[in-house]
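the following block contains a protein sequence and its predicted model.
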Amino acid sequence: MTARDRVVFVTQAFAPGETLLGVTADWVRALGERFAGVDVVAQRAPGAPSLLPRTRVPLRVASMGKDRGAGRVAQAISVIASLARAARHARAIIVHMVPAYAILAAPVARLARVPVVLWYAHGTAGRALRLAMPVVDRVVTPTRDSFPMAGAGIEPKVRVTGHGINVARYAPGDPPLRGLVLSAGRLSPVKRHELAVEAVAGGPAWSRLVIAGGPLHAGDTSYRDRLGAAAAASGASGRVDLAGDVAYEAMPATYRRAWVLAHASRTGSLDKVVLEAAACGTLVVSSAPSSRTVLDAVPGLSVPDGDDEAFVAHVREVLGWTAGRRAAAGAALREAVIAGHSLDRWADGVAAAIPGG
C-alpha cells in the first residue's frame, strides 16, 4: 500500500443505529476492504470509536460538531480542517449526498491533488448540486435516472454503481405474516403512505398496515396527523399502525414480516427501501418508474405512475397470492437485487470510478 491508498468519506451522520443513514457503516466497511483505510468526516458521529466492531478496517472518524451543538460556520471550518488533514493520505474524497460538502472539499482536494467523487441519488437538482458539478470529478449514482442532471459536460462524469445493499443483512428469514402490508420511509407527503392506508382500509378484513417511518421536518408532523385521520375515517384505525422510526438494526426483520411492501413514493430516484425489501424476499408493489429495473423480474408488481386505483388494486391482489407463488416471486426479486445492487458491486464501482484508479 502507498501513502495515497486511503479514502475520505464525507457524510451527514456516521452511526449504524440511524434509521436513515445507518447504511453508511456498511459502505465504509466495504470501502475499507478495498483501500488501506477510511477517514470519515461526519456532521454527526456519536460514539464513533466503537462504530465498526469486529472489523479490520483502519478507521479514523472526525465529527463536524453538530452532535456537540456546533453551528453552520463552525461545522464548515471543522470539515475543511478535517479534510486538509486527511486528504494528504487519500486517493479520493467521496462525498455522500450533500453537494455543499463537495463545494467545501474542492479547494482542499485541488491543493492535495485528489479527486472529489459525489454520491447522489435524488430526482431533483437544487442550486447546491448545480454549483458543485463544475468542481466534482465524478458522480456515482445507483441508476442513471437517479441523477437528475444531463448534458455534454455532465455525462462523462457519471458512473452507475447500483445502490450498495448489504444482501447478507437484508436476506430472507422467518415466513411472513399473511395480510401484513408495510409502507416504509419518512412521513412526508412525497412518500404517499395514504395509498397504503386506502389499500388496507378497503381490502380484506384480515389485512393490516404498518407504516415504518417518522417525520423528518417540522411540517411532516401534520402529515402524520392526516394519515391517522384517514385511517380513522375509513374505519381502519385498528388495522393501521403508525410505528414511527424503526431502528436500523430492526429493519430487516420488519421487511421479512411483511407480505408486501406498498411503495408509492415520488422522490424520482430508485428508493432504497424497495431494494432492501426485495433483498429480503418480500413482495413489492411500486408505482415509481425507477423501481422497474428490479420489479420487472416479476410481472404484475410495477404499476404505472399516477394510476392510484391500479396501485391500490395491485396491493390488494398480491395479498391473495399463495405462499408458494409469493416465495417464488420473492426469490426472483432477491436475485435481481444481488445482480444489480449488492454492496460488493457498489464498492467495486465506486473504487473503479475514482479518476486514476
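All right, it came through fine.

for residue 264, see how far away residue 45 is.
34 Å (C-beta to C-beta, to the nearest Å). In this view, the C-beta of every residue, glycine as well, is placed from N, C-alpha and C.

looking at the two, which one has more neighbours?
The neighbour comparison of residue 45 against residue 264 (other C-beta atoms under 10 Å) goes to residue 264, with 25 against 21.

wait, isn't the more buried one in contact with residue 312?
No: counting by C-beta atoms under 8 Å, residue 264 stays clear of residue 312, with 9.2 Å between them.

what residues are shared contacts of these two?
Residues touching both residue 264 and residue 312 by C-beta atoms under 8 Å, 6 or more residues apart in numbering: residue 195.

list the buried ones in stretch 155-171?
157-167, 169-170 (16 or more other C-beta atoms under 10 Å).

how does this structure divide into domains?
Per the record, the chain has its domains at 6-164+342-353, 180-340, by automatic domain parsing.

by mean pLDDT, show me the worst of those.
Note on the domains of the chain: lowest mean pLDDT is at domain 6-164+342-353, with a mean of 90.

endpoints of it, how far apart?
Chord length of domain 6-164+342-353, first to last residue, is 15 Å (C-alpha to C-alpha, to the nearest Å).

and that domain, how far from the chain's centre?
Here the centre of domain 6-164+342-353 is set off from its chain's centre by 14 Å, with C-alpha atoms, centre = their mean, to the nearest Å.

what segments of the stretch 1-150 of the chain are strands?
6-13, 37-44, 59-63, 90-96, 116-119, 138-141 (DSSP state E, counting those that start in this stretch).

could those strands go into CSV alongside distance to residue 285?
Output for the strands of the stretch 1-150 of the chain, formatted as CSV (distance: least, C-beta to C-beta, whole Å):
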stretch, distance to residue 285
strand 6-13, 30
strand 37-44, 35
strand 59-63, 39
strand 90-96, 29
strand 116-119, 28
strand 138-141, 25
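
grab the longest helix from the protein for me.
helix 323-341 (DSSP state H).

so residue 146 sits against residue 124, correct?
No: using C-beta under 8 Å, residue 146 is not in contact with residue 124; the gap is 11.2 Å.

the more surrounded of those two?
residue 146 (19 against 9).

centre-most residue in the chain?
residue 272 (4.1 Å; C-alpha atoms, centre = their mean).

ok, the residue nearest to it when sequence neighbours are not counted - contacts?
If the residues on either side of it in the chain are set aside, residue 272 comes closest to residue 163, at 5.9 Å by C-beta to C-beta, 6 or more residues apart in numbering. With contact taken as C-beta under 8 Å, 6+ apart, residue 163 is in contact with 121, 142, 270, 272, 275, 341, 346.

touching, residue 25 and residue 11? I think so.
No: taking C-beta under 8 Å as the definition, residue 25 is not a contact partner of residue 11, at 10.2 Å.

by how many degrees do the one helix or strand residue 317 maps to and helix 323-341 diverge?
If you go by DSSP states H and E, residue 317 is part of helix 308-319. Interaxial angle of helix 308-319 relative to helix 323-341 (axes from the mean of the first three to the mean of the last three C-alpha atoms, to 10 degrees): 120 degrees.
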